[in-house]
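Peer 1: Provide a 3D model corresponding to the input given below.
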Amino acid sequence: MNPLRFIMLGGTVALCLIVTFVVHGQEGTGEQVGKKVDQTIGEIQEGAKKIIDDARASVERMSVEGRVYARLHWDKALQGALISVDVAKDGDTTLRGTVPNEKAKAKAEQLAGDTVGVQRVANELKVQPPAQ
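Peer 2: Below you'll find the model as predicted:
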């Protein structure tokens, strides 16, 4: 959900609470409304913060994944290699697929490991058997 929509929804809920208390004419309505509004605003802020944090983490993972993929894709030693890249939230990166030789496998691991945002590399690449 869009954070702005989430905040607007929270404002609408708070307004409904205010109207409900005023219509019922309960004693201490202002105080009760204030508490409910404060509680609702706090919940909205927590929800919005979580949405923004999750979105930021997702973008960061995609950015790291894209940087690793670009480095692997444009390296001449890895031309023709079929490599998939998976980056976890903590920056751990897994390389899977096939490469032409051991040198290319080591090069892919080195390039991924030197990429900003990558913490550790699990190199699960397979070397293609020589053509016969």
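Peer 1: show the subsequent helix or strand relative to the lengthiest helix in the chain.
Peer 2: When the chain is parsed with DSSP state H, its longest helix is helix 29-74. Later in the chain than helix 29-74, the nearest helix or strand by DSSP states H and E is strand 82-87.
Peer 1: for that next one, packing partners?
Peer 2: Judged by 3 or more C-beta pairs under 8 Å, 6 or more residues apart in numbering; DSSP states H and E, the packing partners of strand 82-87 are helix 29-74, strand 93-99. C-beta here means a position set from N, CA and C on the backbone, and glycine is covered the same way.
Peer 1: nearest to Gly80, out of these?
Peer 2: strand 93-99 (8.7 Å; C-beta to C-beta).
Peer 1: quick one: residues in contact with the closest one.
Peer 2: Contact with strand 93-99 is made by 64-65, 68, 72, 78, 81-88, 105, 108-109, 112, 115, 118-128, as judged by C-beta atoms under 8 Å, 6 or more residues apart in numbering.
Peer 1: quick check: angle from it to strand 82-87?
Peer 2: Per axes from the mean of the first three to the mean of the last three C-alpha atoms, to 10 degrees, the angle that strand 93-99 makes with strand 82-87 is 170 degrees.
Peer 1: neighbouring strands for strand 93-99, and are they parallel or not?
Peer 2: Next to strand 93-99 in the sheet, as set by DSSP bridges, lie strand 82-87 (antiparallel), strand 121-127 (parallel).
Peer 1: can I get the CA coordinates of it in CSV?
Peer 2: Written as CSV, here are the backbone C-alpha positions of strand 93-99 (Å, rounded to 0.1, in the frame of the first residue of the first chain):
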residue,chain,number,x,y,z
THR,A,93,24.8,-13.3,-2.6
THR,A,94,24.4,-16.7,-4.3
LEU,A,95,25.7,-17.3,-7.9
ARG,A,96,24.1,-20.2,-9.8
GLY,A,97,24.5,-21.4,-13.4
THR,A,98,27.2,-22.5,-15.7
VAL,A,99,30.5,-21.1,-16.7
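Peer 1: what mean pLDDT does that strand have?
Peer 2: On average, the pLDDT along strand 93-99 is 95.
Peer 1: now do it: distance to the chain's middle.
Peer 2: Taking C-alpha atoms, centre = their mean, to the nearest Å, the mean C-alpha location of strand 93-99 is offset from the chain mean by 21 Å.
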